[in-house]
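Asks: the following comprises the amino acid sequence and a computationally predicted model.
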Amino acid sequence: MRTETVKEIISAHASLFQTMECSEERWIILADLPLGNHHLGLDTEGRWVTEGDGKLEEIESDCGFETMIKFVESSFEELVLFILHSLESQGLPASIAQSFPFDEFLCYAALRGQYWAECVSKWVKSGYPINYEIALALGGGSRESKSFQDYKKKRFHQIVDFVGCDKNA
């Protein structure tokens, strides 16, 4: 059985989408965001967007991620549940949540300063799966940072364990 793409799912729910007042862009509001008068949504191309002051921004832009930065202060479970509930409240399937750029969001937050990097570290320590980009961002973008070196060491051990080699060889 073939899995529908986000764009196909959105196309099937086209009647839920509205046109912005000041443009021809069509999108659906999923939820209000904690930062002032901003909203989280999806456009008809399946891109996650934020809206504020009548303007849509792709979420993967600095403006888009910035409107969501407060979520890093809570747990990653809270953000996932927020997104799932937002989709459900509009009658959209939860499978769309898979397209949310969680890793990119954490990279953005980790590079915003020490406070935000500490919040991202809490996500990782509580079980959020770290990847190369997040590890690099937590190290301030430096491959020489202690946190990045710790990640590389742990990753190496995971690979060796997977292969079944002797770590001391």
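Replies: That came through, no problem.

Asks: let's check: the centremost residue of this protein is which one?
Replies: In the chain, the residue lying closest to the centroid (CA atoms, centre = their mean) is residue 102, at 2.1 Å.

Asks: check it and give its pLDDT.
Replies: Reading off the confidence values, residue 102 has pLDDT 94.

Asks: can you give me the distance of it to residue 48?
Replies: From residue 102 across to residue 48, the span is 11 Å (CB to CB, to the nearest Å). For glycine as for every other residue, the C-beta is placed from the backbone atoms N, C-alpha and C.

Asks: how about residue 149?
Replies: 33 Å.

Asks: of the two, which one has the most company?
Replies: Per other CB atoms under 10 Å, whichever of residue 149 and residue 48 has more neighbours is residue 48, with 23 against 14.

Asks: phi, psi for the more buried one please.
Replies: When quoted as degrees, to the nearest 10, the phi and psi of residue 48 stand at phi -70, psi 130.

Asks: surely it and residue 39 touch.
Replies: No - between residue 48 and residue 39 there is no contact under CB atoms under 8 Å: 11.5 Å.

Asks: contacts made by the helix or strand bottoming out on mean pLDDT in the chain with the rest, please.
Replies: Here the helix or strand of the chain ranked lowest by mean pLDDT, DSSP states H and E is strand 18-19, holding a mean of 71. Applying CB atoms under 8 Å, 6 or more residues apart in numbering, the external contacts of strand 18-19 come out as 25, 26, 27, 28, 29.
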